[in-house]
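Asker: whatever this is, show me its structure:
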Amino acid sequence: MEVQVDRKKLIEARYAKGVSVPQLAKLAGVAYLTVFKAETGKSTPTPSTMKKLCDVLGIRVEDVLKVGNCA
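Answerer: Numbers count the residues shown, from 1 in each chain. Sure, this is the predicted structure:
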C-alpha cells in the first residue's frame, strides 16, 4: 500500500486558511522548499512535517493523504 499527499487537498486547505507557501512554512517551522515540493509533488514530507503543516492549517493529516496500491 502506498501513501501519498493529496496535493490538491493540501493546496485547498492552504488557500482556505489564507496563507501563502512562505507563510505556511514559517508558521509550521519548516523550510519553504518543503512546502513547495509537497504541493508540486516533488517529494513527500515526513510524517512529523505533515503533522506540523496540518496543525497550522487546522486539518487532520488524514484529510490530505491518499492511499493506493503499489504496482
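Asker: what residue, apart from its backbone neighbours, is nearest the residue nearest in space to the middle of the chain spatially?
Answerer: In the chain, the residue lying closest to the centroid (C-alpha atoms, centre = their mean) is residue 10, at 5.0 Å. Nearest residue to residue 10, sequence neighbours excluded (C-beta to C-beta, 6 or more residues apart in numbering): residue 64, at 4.8 Å. Every residue, glycine included, has its C-beta placed from N, CA and C.
Asker: then residue 22?
Answerer: With C-beta to C-beta, 6+ apart, the residue lying closest to residue 22 is residue 32, at 5.4 Å.
Asker: in this structure the one you found contacts residue 23, no?
Answerer: No: Residue 32 lies out of contact with residue 23 (C-beta atoms under 8 Å); the separation is 9.8 Å.
Asker: coming back round to it: next, the contact list for the residue nearest to residue 10, please.
Answerer: 5-6, 9-10, 13, 50, 54 (C-beta atoms under 8 Å, 6 or more residues apart in numbering).
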